[in-house]
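S.K.: Here is my input, please return the structure:
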Amino acid sequence: MVVDREFLKNVYHESVVKMKWHSDIEYKLLNMYLVVYPVIATVLLAIYELVKDKTTYLSITISLSIILTIFTILIHLKILREHKTYEKIGQQVVKIWKYFDLFQIGAYIPGEQIMDSTALTFGRGPGYKYTLGIFWTITIITDLILIISGILHYGYTI
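M.R.: Model (predicted):
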């Protein structure tokens, strides 16, 4: 079989560019999300100064917590969708590698294998799970801060 190396290089390069675009969305969302926290803290301080009614303040802190959680759920779903596309692109590359027998010992270089079996999972890494973990950890901590602030202001002791 004659291998068109330029074809392989181009497909691989285009696939990696597409995969990078989909994974960059995670980082852009994370950066955007990290800006939200100081805004929430500022809003919480302003509300604390402006709202004297304890019940209203508690309701606002719980509402902010709910909004933040809904926002995190939407981001979670977006990251899952982007990862699914990322994974599909990676598996398309693996199919091309298989087609050109890059996993076969001796297919192109006597006694050697160009790709080892770990390449079969190309695009299926757990990195997106770590990003989701960061989102949820920050959300849970912020939710707790919001709710505890509302409860303490209301007059309950924890």
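S.K.: Who are the packing partners of the host helix or strand of residue 76?
M.R.: According to DSSP states H and E, residue 76 maps onto helix 54-99. With contacts taken as 3 or more CB pairs under 8 Å, 6 or more residues apart in numbering; DSSP states H and E, helix 54-99 sits against helix 5-50, helix 127-154. To be clear about C-beta, it is placed using only N, CA and C from the backbone, and glycine gets the same treatment.
S.K.: For residue 60, grab the count of nearby residues.
M.R.: When neighbours are counted by other CB atoms under 10 Å, residue 60 registers 20.
S.K.: Quick one: residues contacting it.
M.R.: 47, 51, 150 (CB atoms under 8 Å, 6 or more residues apart in numbering).
S.K.: for residue 105, what are its contacts?
M.R.: 111, 112, 113.
S.K.: how many neighbours does the last one have?
M.R.: By the criterion of other CB under 10 Å, residue 113 has 16 neighbours.
S.K.: try residue 61
M.R.: 26.
S.K.: what residues are up against it?
M.R.: 44, 47, 146, 147, 149, 150, 153.
S.K.: follow-up on the earlier one: show me which of the contacts of residue 60 is closest to residue 57.
M.R.: The shortest approach to residue 57 among these belongs to residue 51, at 4.8 Å (CB to CB).
S.K.: doesn't residue 59 make contact with that closest one?
M.R.: No. Between residue 51 and residue 59 there is no contact under CB atoms under 8 Å: 9.4 Å.
S.K.: in this protein, which ranges drop under the pLDDT threshold?
M.R.: Counting by pLDDT under 70, the chain contains low-confidence residues at 1-4, 156-158.
S.K.: Where does the residue of the chain most remote from its centre sit: helix, strand or coil?
M.R.: Within the chain, the residue lying farthest from the chain centre (CA atoms, centre = their mean) is residue 110, at 41.8 Å. Following DSSP: H, G, I helix; E, B strand; the rest coil, residue 110 is assigned to coil.
S.K.: Distance of it relative to residue 104?
M.R.: 12 Å (CB to CB, to the nearest Å).
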